[in-house]
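[1] Take this sequence and fold it.
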Amino acid sequence: MFADPSLFIYSDTPAEMRVTYDDRLRLGSTGFTVHVKAGSEPVENALAALYMNKKLYGSAYTNRSGIAKVIFAEPLHDTGSMEVNVTAYNKMPYLDTVKIRGVVKKKSREKLFQ
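    Next up is the predicted model:
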């Protein structure tokens, strides 16, 4: 018997996950925290992964509190949109994006009043 290894196998009706995180990342960031719940209960062992331009920047499993702390292999050095993917057993996959923004430098007072 052959099967597609990319298919999700469910043993029950898959539940939706509520995934929360900061709505933006800054250049130079070295990690990202994701909170995962199904209903009001935290989801343990959900896999959170962050991708940009088909490159995996980091992944982590949630703890029993439903929190995953993804540590990036290298600090972020490009702006744009990063994919946030979260999967868990008997849960619908969660796919979204988060914006990476540069740090806005403030002008010094000297330059403002010259």
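
[2] nearest residue to the most centrally placed residue in the chain other than its sequence neighbours?
    By CA atoms, centre = their mean, the chain has its centre lying nearest to Val84, at 3.8 Å. Leaving out its chain neighbours, the residue that sits closest to Val84 by CB to CB, 6 or more residues apart in numbering is Asp96, at 5.0 Å. Heads up, the C-betas are built off the backbone N, CA and C, glycines and all.

[3] Tell me if I'm right that that neighbour and Val19 touch.
    Yes: at 7.3 Å, Asp96 counts as touching Val19 under the criterion of CB atoms under 8 Å.

[4] Identify the contacts common to the two.
    Common neighbours of Asp96 and Val19, using CB atoms under 8 Å, 6 or more residues apart in numbering, are Val84.

[5] all helices for the chain, in order.
    For the chain, applying DSSP state H gives helices covering 109-112.

[6] Could you point out which residue ranges in it have low pLDDT?
    1-8, 103-114 (pLDDT under 70).

[7] Which one's more surrounded, Asp96 and Val19?
    Val19 (21 against 12; other CB atoms under 10 Å).

[8] who touches the more buried one in this structure?
    Per CB under 8 Å, 6+ apart, neighbours of Val19: Val34, His35, Val36, Ala48, Val84, Val86, Tyr94, Asp96.

[9] cool, Ala60 as well?
    Val34, Leu47, Ala48, Ala68, Lys69, Val70, Ile71.

[10] Could you dump those into TSV with distance to Leu27 added?
    As requested, the contacts of Ala60 are exported to TSV (distance: CB to CB, whole Å):
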residue	distance to Leu27
Val34	20
Leu47	26
Ala48	21
Ala68	22
Lys69	19
Val70	17
Ile71	17
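
[11] could you flag which of those are buried?
    Using 16 or more other CB atoms under 10 Å as the burial test, the contacts of Ala60 include Val34, Leu47, Ala48, Ala68, Val70 as buried.

[12] before we move on, the earlier item: out of the contacts of Ala60, list just those in strands.
    In this view, the contacts of Ala60 that belong to strands under DSSP state E are Val34, Leu47, Ala48, Ala68, Lys69, Val70, Ile71.
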